[in-house]
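Undergrad: how would this look folded up:
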Amino acid sequence: MESHIRYLAALWFQRQSRRLGKQLPGIRQAEDIECVHRARVACRRLRAGSELFTDWPSAKRHRRWQCGLRRLGRKLGQARDKDVQLIFLSDQWDRAPSLQVRVGLAGLILVHQAQREAAYRKADKAVVRFRKTGVLQEIQGQSRRVLRQVNVSQEELLLWPLWEGAAEKIQLYTDELTAYAPSLQHGQDHTSHHAMRIAAKKLRYSLEILSPLLGPAVHPVLQALEEFQTRMGQLHDCQVWLMELEAFQDRKHLRRMRKKWEKVGLGSAWNAEAFRAAVCWLQEDRRLAQAKLLEEVGWFWHARLQEEVGDRLARLVQQALLRGSEASEGPQRQFALGWRS
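TA: Have a look, this model is predicted:
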């Protein structure tokens, strides 16, 4: 692996591992919900780095790091999802059209609070297990060693060519993003919508890692991807809510809900009709929000993002590939010309 690639890898892993390390104590204390969110994002970015730098630092360590980060990230994701759902339900309280709906919302909040507590207990255990693996210390130690050995300035990085493996990753994620775009015309194609969101996220993180090689010109692409990812995340949340609310119509769910109320001493306040009223009201609200978001993401893709990844990004990748010595210009040029085919 060339020195500038090792430098990029070490720089990225050092930055993200520090961010992750700062958030882990806050997860254990469970006082600030943003600790879980920030730690989850750092895990995702570290995993994105592992997918891009597949030979760094070694195959064995690469697998170990990926496994540890994946396990931690999964539990953090479950905890974060419950935080987001509770925030949403609390926000709906003032919008509730009737007292009956509010009583039903109280039941939903109670259930999600219990689920959040369980998710945080699992996240806490995952943090303990992750610390014991020593993966975080390994990442930080390896990054420090490389950064002490290799010193590359920003100006020098802009003179180095993009390596073909990185260009192939960019092309893969861009192709996936484009392939799933027609699904935005189909409101019920949740699987493709989710896959398109993941492709946008992977492309964005990869470009963030490679931005020292691509230069400031990549910033509009990153901004567009971030906006698109935010909208797709909101759409995904709507779709998850609709599936969950549909499941709450089941009688087994209602029985579980009543048991939870009785467990905390609220059995006399249980009202199945109020709960159904809240579920129906939320379903209608989420359907309307889903339709609006689908229209917005469809417009954003055609009006902005498609051009950014299909035109601006393609040019930047070609330019970065074509940098380098005269000796390597031939094969790099052939690859670059085939990038958009």
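Undergrad: Please, where are all the helices along this protein?
TA: Assigned by DSSP state H, the helices in the chain fall at 3-29, 33-52, 59-93, 99-133, 135-149, 154-157, 164-180, 190-214, 219-247, 251-263, 272-300, 306-307, 313-321, 326-337.
Undergrad: May I see the ones you listed organised as JSON lines, with mean neighbour count added?
TA: (C-beta placed from N, C-alpha, C; glycine too.) Listed next are the helices of the chain as JSON lines, based on neighbours: other Cβ atoms under 10 Å:
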{"stretch": "helix 3-29", "mean neighbour count": "19"}
{"stretch": "helix 33-52", "mean neighbour count": "21"}
{"stretch": "helix 59-93", "mean neighbour count": "18"}
{"stretch": "helix 99-133", "mean neighbour count": "17"}
{"stretch": "helix 135-149", "mean neighbour count": "16"}
{"stretch": "helix 154-157", "mean neighbour count": "12"}
{"stretch": "helix 164-180", "mean neighbour count": "18"}
{"stretch": "helix 190-214", "mean neighbour count": "21"}
{"stretch": "helix 219-247", "mean neighbour count": "18"}
{"stretch": "helix 251-263", "mean neighbour count": "14"}
{"stretch": "helix 272-300", "mean neighbour count": "17"}
{"stretch": "helix 306-307", "mean neighbour count": "14"}
{"stretch": "helix 313-321", "mean neighbour count": "20"}
{"stretch": "helix 326-337", "mean neighbour count": "13"}
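Undergrad: Now render those as TSV, adding mean pLDDT.
TA: As requested, these are exported to TSV (pLDDT from 0 to 100):
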stretch	mean pLDDT
helix 3-29	93
helix 33-52	95
helix 59-93	95
helix 99-133	92
helix 135-149	95
helix 154-157	87
helix 164-180	96
helix 190-214	96
helix 219-247	95
helix 251-263	69
helix 272-300	94
helix 306-307	95
helix 313-321	94
helix 326-337	40
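Undergrad: Can you give me the distance of the residue nearest to R312 when sequence neighbours are not counted to L210?
TA: Leaving aside its sequence neighbours, R312 sits nearest to V221 (Cβ to Cβ, 6 or more residues apart in numbering; 5.8 Å). Distance, V221 to L210, by Cβ to Cβ, to the nearest Å: 11 Å.
Undergrad: Then A119?
TA: Counting by Cβ to Cβ, the gap from A119 to L210 is 34 Å.
Undergrad: likewise P220?
TA: 15 Å.
Undergrad: Can you check the pLDDT for N271?
TA: Looking at N271, its pLDDT is 73.
Undergrad: if you skip the residues just before and after it, what's nearest to it?
TA: In space, N271 is closest to V103, 5.5 Å off (Cβ to Cβ, 6+ apart).
Undergrad: Now do the contacts for the one you found.
TA: Applying Cβ atoms under 8 Å, 6 or more residues apart in numbering to V103 gives the contacts 269, 271, 274-275, 278.
Undergrad: How about A278?
TA: Contacts of A278 (Cβ under 8 Å, 6+ apart): 96, 100-105, 107-108.
Undergrad: check contacts around R70.
TA: R47.
Undergrad: ok, now how distant is it from R47?
TA: Taking Cβ to Cβ, one finds R70 at 7 Å from R47.
Undergrad: Check W160 too.
TA: W160 is 24 Å from R47, by Cβ to Cβ.
Undergrad: And R197, by the same measure?
TA: R197 is 16 Å from R47, by Cβ to Cβ.
Undergrad: do the same with M1
TA: For M1, the distance to R47 equals 19 Å [Cβ to Cβ].
Undergrad: swap in H37?
TA: 16 Å.
Undergrad: Repeat that for A195.
TA: 17 Å.
Undergrad: Switch the contacts of V103 over to TSV; also include distance to S206.
TA: Listed next are the contacts of V103 as TSV, based on distance: Cβ to Cβ, whole Å:
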residue	distance to S206
A269	51
N271	51
A274	48
F275	45
A278	42
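Undergrad: so which of the residues you listed comes closest to R18?
TA: A278 (43.1 Å; Cβ to Cβ).
Undergrad: Domain boundaries for the protein, per the record?
TA: With domains defined by automatic domain parsing, the chain comprises 1-87+116-152, 154-341.
Undergrad: So what would you say the end-to-end distance of the shortest one is?
TA: Read that as domain 1-87+116-152. Using Cα to Cα, to the nearest Å, one end of domain 1-87+116-152 lies 15 Å from the other.
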